[in-house]
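1. Sequence first, predicted coordinates after that:
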Amino acid sequence: STGNEPAPIVSGNGSGTFQFQRLFNSGKDPISVLALDLNKDQISDLIVANRGESTISILVGYGNGSFENQIKFVALNSPSLLVSGVFNNYTLLDIGIISQRSSQFDILINSGNLSNFYQNVFPIAAYPSARTIYDFNNGGKLDIAVTGRKYKTMVVYLNRN
């Protein structure tokens, strides 16, 4: 999807075939999407990075291939890459947003209420191009690594939360 068009979702039939696409509203110029269970109801939800309006959209899943209307949050300038993991001491999945234009990493800490996230912003490598999360220091918590194209660098944040 580009511009202001709805984002298409195609559900699988479990036999290698797919159903007809369904359209869901997200934001302007959606560029990245994650499927995850944000509210621990055992149903997949969607997170969409909307580069054209610097927002993310959360679409809470019903479990039948359809979703609630989007919940929008203002994000960093031009969000482009998404990651998810438990970045604090709780068991809820948090959202990581990487902005290519501002070279920042934004962690939205999931409070359990999908309309309220706590935000932490960190500087990262210039022109981020790839990311991964892993427990690099065996500290029992997820860390993040982000590569930067401009200076051929990588930034690693070790989670000490």
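-> Yep, it's here.
2. In this structure residue 146 contacts residue 97, no?
-> No: under the contact definition of Cβ atoms under 8 Å, residue 146 does not touch residue 97, with a separation of 11.5 Å. C-beta: built from backbone N, CA, C; applies to glycine.
3. Spell out which residues are contacts of both of these two.
-> With contacts defined as Cβ atoms under 8 Å, 6 or more residues apart in numbering, the residues shared by residue 146 and residue 97 are residue 105.
4. State the helix or strand in which the residue nearest the centre of the chain lies.
-> Centrality entry for the chain: nearest residue to the mean C-alpha point is residue 82, 3.5 Å, by Cα atoms, centre = their mean. Residue 82 is located in strand 79-85, with elements delineated by DSSP states H and E.
5. Let me know the next secondary structure element after that strand.
-> If you walk from strand 79-85 toward the C-terminus, the next helix or strand you reach (DSSP H and E) is strand 94-99.
6. Next secondary structure element downstream of that next one?
-> Of the helices and strands lying after strand 94-99 in sequence (DSSP H and E), the nearest is strand 104-110.
7. Check which residues of that next one are buried.
-> Residues of strand 104-110 classed as buried by neighbour count (16 or more other Cβ atoms under 10 Å): 104-110.
8. And these, which is closest to residue 127?
-> Nearest to residue 127 among the buried residues of strand 104-110 is residue 104, at 11.9 Å by Cβ to Cβ.
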